[in-house]
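*Asks:* Show me the folded form of this:
(one chain, ligands or ions: 1)
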Amino acid sequence: MRAEAAYAELIAHFRELAVLESCEDLLGWDEETYMPPRGVEHRGNQLALLAGMTHDRLTHPRVGELLADLAHADLVQELHSVPETNVRELRRLYTRAIRLPRLLVEEITRTTCLAQQAWTVAYRKSDFPSFQPWLEKIVVLMRQQADALGYATVAYDALLDEYEPGARSDQLADLFAALRKELVPLANHLTAVRRRPNGAILRRAFPVDRQRQFAQRVALAIGFDFQRGRLDSTTHPFCMTIGPHDCRITTRYDQGFCDAFFGMLHELGHGLYEQGLDPDHYGTPMGESGSVGVHESQARLWENTIGRSLSFWQYFYPALQEAFPESLRDVGLDEFHLAINNVEATPVRVGSDEVTYNLHVMLRFELEQALLKGDLPVSDLPGAWNEAYRHYLGITPKNDREGCLQDSHWSEGIIGYFPTYTLGNIMAAQLFARAQKDLGDLDAAFGRGDFTGLLGWLRAKVHRHGQRYSATELIEAATGSPPDHCHLIGALRRRYGELYGLAEC
Ligand code: ZN
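*Replies:* Below you'll find the model as predicted:
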């Protein structure tokens, strides 16, 4: 068979598969937004059936034949070309999928669907014992998945590879140790200074309907296309793409301003990435996002680097004051800006400050490895969690809702994902430093409400490449050097040192 024909058949097969998978995604989105609680059992059956069907198509013997036909074709010889990218990444996907039995795929899908609902109830009531049996089941299933996938030294790496291809837990452990050495003294330094932010202003009354309107307004101003996306409410914020012109972002409206707003900005960063992918390549690796770490870099960039900058609020703060006059009339821009950059050890990861954030990630990374290895029985998780918070952050969560139940990841069968947040922070700092070099005074543009320059740069350097490059290659191509955490540490020192009035920290 001619290589061109094999390639065309392969692409057509995967484009159709993407349509089927997007039906699964839409059901998943609905499950986490509008589905009534008692719909869960049927939803689990729907999703399990679809997961089985997509798995069958993904692992169809014809895919193996086509990939074999293309193995040495001229068409795929040029590294990083469209056909080479598509064939390379589809081969990776296929090789991984054929190791997983369909029954296991269905079982994971059904169990995690039910477990998510159990988690939602447990989270609301701060009731870990009701969630414990579900997490026990999930840990067993994740071990089975890792065993089926295979690994060189540790099972965790098989799971990690799905989110961050090529990453290894021993290298991440070294990275976290290096970060910890820098971040713990920096956090201690900042929390010891006399200039303390007034966090209470952010916990005043912020009626939810007006929060929603303000979030919508900011998302639109930054560049989210509402003709190609939506913003809805959920229990744990997420972003999901349903099709080339349909991207759903969510946030949760709680008391206070920060949780919902910065949660929205985070998901907006994911959404802008998804909307920036090339729709002509939809359903193929060239039209899909890179590693989860790269995705997180886009989310963390808008959430923090931009969303917590003074110039961003020079533009948006008057509108915010107008939306919430009863809470912000007496609060000046500088006071507000300092308050949203409060560096303080808190029990909840989402919304924690940038300096302590990676410590939250690090302890989850350690705990999930222990769960998977069997060193930590699920029943001991609440105690181990609280102990880790005492050890790394010097605080004790007051209940399991703000302790080990706060994140939904494990209930979704997502183990090996947390480190990507830190990788994302590292990449975000490096990308932003380079964008500033290339684009000049970004603060002046943000102060005018102009985000098009930066968004255009991100589209060209990151979004449009799809899966053309590995995460490391992408960062190197965009910035001129491979990922290095020194950019993050430097940026945090500069920004917080300035904000807290320290000459050097
Ligand atoms: Zn994210």
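*Asks:* Helices of the stretch 151-300 of the chain, residue ranges please.
*Replies:* Counting by DSSP state H, counting those that start in this stretch, one finds helices in the stretch 151-300 of the chain at the ranges 155-163, 169-192, 208-222, 258-276, 292-300.
*Asks:* Quick one, which of these gets closest to T95.
*Replies:* Nearest to T95, of all the helices of the stretch 151-300 of the chain, is helix 155-163, at 11.2 Å by Cβ to Cβ. (C-beta placed from N, C-alpha, C; glycine too.)
*Asks:* which residues of this structure score low on pLDDT?
*Replies:* The model of the chain has pLDDT under 70 over residues 1, 503-505.
*Asks:* Centre-most residue in it?
*Replies:* For the chain, the residue nearest the mean C-alpha position is E296 (4.4 Å; Cα atoms, centre = their mean).
*Asks:* Where does the nearest residue to that residue once chain neighbours are set aside sit: helix, strand or coil?
*Replies:* Once flanking residues are discounted, E296 sits nearest to G424: 2.6 Å by Cβ to Cβ, 6 or more residues apart in numbering. What DSSP: H, G, I helix; E, B strand; the rest coil gives for G424 is helix.
*Asks:* Near G424, how many other residues are there?
*Replies:* Neighbour count for G424, taken as other Cβ atoms under 10 Å: 25.
*Asks:* ok, now which ones touch it?
*Replies:* Applying Cβ atoms under 8 Å, 6 or more residues apart in numbering, we find G424 in contact with V292, G293, V294, H295, E296, S297, Q298, A299, R300.
*Asks:* roughly how far apart are it and T346?
*Replies:* G424 sits 20 Å away from T346, taking Cβ to Cβ, to the nearest Å as the criterion.
*Asks:* Using a markdown table, lay out the helices of the stretch 151-300 of the chain together with distance to A477.
*Replies:* As requested, those are exported to a markdown table (distance: least, Cβ to Cβ, whole Å):
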| stretch | distance to A477 |
| --- | --- |
| helix 155-163 | 21 |
| helix 169-192 | 21 |
| helix 208-222 | 25 |
| helix 258-276 | 16 |
| helix 292-300 | 12 |
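*Asks:* Ok, which of these comes nearest Q406?
*Replies:* When these are compared by Cβ to Cβ, helix 258-276 sits nearest Q406, at 11.5 Å.
*Asks:* How is this structure divided into domains?
*Replies:* Structural domains annotated on the chain: 2-150, 169-499, as defined by automatic domain parsing.
*Asks:* Using the three-state scheme, assign R434.
*Replies:* R434 is classified as helix under three-state DSSP.
*Asks:* can you tell me which of the domains of the chain comes nearest to D157?
*Replies:* Using Cβ to Cβ, the nearest of those to D157 is domain 169-499, at 5.6 Å.
*Asks:* returning to that earlier point: and the helices of the stretch 151-300 of the chain, which is most packed in?
*Replies:* Comparing these by mean neighbour count (mean count of other Cβ atoms under 10 Å), helix 292-300 ranks first with a mean of 27.
*Asks:* Can you tell me what sits against it?
*Replies:* Contacts for helix 292-300 (Cβ under 8 Å, 6+ apart): 163-164, 167, 239, 266-270, 272-273, 289, 417, 420-421, 423-428, 431, 458, 462, 471, 474.
*Asks:* From L175, how far out is I489?
*Replies:* Distance from I489 to L175, counting by Cβ to Cβ: 12 Å.
*Asks:* ugh, typo on my part, it should be D484
*Replies:* Distance from D484 to L175, by Cβ to Cβ: 10 Å.
*Asks:* now swap in V350 and tell me
*Replies:* Counting by Cβ to Cβ - V350 and L175 are separated by 22 Å.
*Asks:* distance between the host helix or strand of L431 and the chain's centre?
*Replies:* L431 is part of helix 419-439 when elements are defined by DSSP states H and E. With Cα atoms, centre = their mean, to the nearest Å as the basis, helix 419-439 stands 14 Å off its chain's centre.
*Asks:* quick check: angle from that helix to helix 169-192?
*Replies:* For helix 419-439 against helix 169-192, the angle by axes from the mean of the first three to the mean of the last three Cα atoms, to 10 degrees is 70 degrees.
*Asks:* Pretty sure H337 sits against F312.
*Replies:* No. If you go by Cβ atoms under 8 Å, H337 and F312 don't touch, sitting 9.2 Å apart.
*Asks:* neighbour-wise, which of the two wins?
*Replies:* Set H337 next to F312 and count neighbours by other Cβ under 10 Å: F312 wins out with 23 against 19.
*Asks:* how much space between the more buried one and R493?
*Replies:* As judged by Cβ to Cβ, F312 and R493 stand 20 Å apart.
*Asks:* and if you look at A3?
*Replies:* As judged by Cβ to Cβ, A3 and R493 stand 52 Å apart.
*Asks:* I426 versus F176, what's the distance?
*Replies:* From F176 to I426 the distance is 11 Å (Cβ to Cβ).
*Asks:* And for G497?
*Replies:* Here G497 is placed at a distance of 19 Å from I426 (Cβ to Cβ).
*Asks:* So for these two, which sits in the more crowded spot?
*Replies:* A count of neighbours by other Cβ under 10 Å puts I426 above the other of G497 and I426, at 25 against 17.
*Asks:* Surely the more buried one is in contact with C486?
*Replies:* No. Under the criterion of Cβ under 8 Å, I426 makes no contact with C486, lying 9.2 Å away.
*Asks:* For the stretch 201-350 of the chain, which segments count as strands?
*Replies:* Along the stretch 201-350 of the chain, counting by DSSP state E, counting those that start in this stretch, strands occupy 229-233, 239-243, 246-251.
*Asks:* Would you reformat the ones you listed as JSON lines and include mean neighbour count and distance to V76?
*Replies:* Converted to JSON lines, these look like this (neighbours: other Cβ atoms under 10 Å; distance: least, Cβ to Cβ, whole Å):
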{"stretch": "strand 229-233", "mean neighbour count": "17", "distance to V76": "34"}
{"stretch": "strand 239-243", "mean neighbour count": "20", "distance to V76": "27"}
{"stretch": "strand 246-251", "mean neighbour count": "24", "distance to V76": "30"}
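*Asks:* Done for today, thanks.
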